[in-house]
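> Need coordinates for the below:
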Amino acid sequence: MHPGYLWYWQQRQRHGNSCGPTYASAWCETGTHRSGPKWTFHASSRQRGDSIFGSGGFGIRRPVRFLSERLDLSEKQVSQLARIVERIRIEREQAAVDLRRAAGQFADALEASDFLLDAAESAGQRRVDAAKSVQEVVSRSLQQLHELLDEDQRDELASLIRTGAIRL
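Just a heads-up that it's a prediction; the model follows:
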């Protein structure tokens with residue numbers, strides 16, 4: 001949580017989210033509370049970028065910073081890790097584009113007066129190829145990470161993967 005937001009969040013937790021009829025306190029009745037912006041958070045199981053290819057929002061700086069601190073990486077290791085993470089991110093983005101194209105091909109196959117079996121099979125093959133390419137990049141990246149890290153760092157990374165702190 002951002003430090004600047006911490007005060008606001010603590011006040012909302014301490015005094016409730018509103019001063020409606022179900023919540024009565026001296027704090028609300030005096031009118032001394034701030035009527036700040038209403039914060040809404042949309043939590044869903046499929047956040048931006050989530051797909052069948054792994055977690056979404058897999059940018060570069062945050063995972064690299066997190067891993068460099070947790071694994072105690074050197075500068076050389078951090079730069080190589082950034083390249084590996086970037087390669088995974090690009091491949092996932094390409095796979096997401098391929099999934100959208102496949103969905104369009106499925107829709108085109110259904111939209112025609114006669115069902116276009118060839119178009120549907122082509123779309124299905126596009127989805128399989130996208131998944132296979134992501135799988136290959138992740139496997140190669142794990143191999144590169146194995147070569148990059150020492151034994152203690154590999155153990156810590158494996159622990160992060162097992163606990164779900166890092167999703168591949």
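> isn't Leu160 right next to Leu168, touching?
No: look at Leu160 against Leu168 with C-beta atoms under 8 Å: they stay out of range, at 10.4 Å. Placement of C-beta: from N, CA and C, glycine included.
> Those two: who's more crowded?
When Leu160 and Leu168 are compared for neighbours, Leu160 comes out ahead with 16 against 13, by other C-beta atoms under 10 Å.
> contacting residues around that one?
Applying C-beta atoms under 8 Å, 6 or more residues apart in numbering, we find Leu160 in contact with Leu67, Arg70, Ile166.
> The residues you listed, buried ones only, as a ChimeraX selection?
Of the contacts of Leu160, the buried ones can be selected in ChimeraX as follows, counting by 16 or more other C-beta atoms under 10 Å:
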select :67,166
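> Looking at the contacts of Leu160, spot the one nearest Gln11.
Ranked by distance to Gln11 (C-beta to C-beta), the contacts of Leu160 are led by Arg70 at 31.9 Å.
> Surely the closest one is within a helix?
Yes: looking at Arg70 with DSSP: H, G, I helix; E, B strand; the rest coil, it is inside a helix.
> can you pull the contacts of it?
Neighbouring residues of Arg70 by C-beta under 8 Å, 6+ apart: Glu156, Leu160.
> how far away is Gln77 from Gln143?
15 Å (C-beta to C-beta, to the nearest Å).
> neighbour count winner among those two?
Gln77 (18 against 11).
> So what's the model's average confidence on whichever strand or helix holds the more buried one?
Assigned by DSSP states H and E, Gln77 belongs to helix 75-111. Mean pLDDT, helix 75-111: 93.
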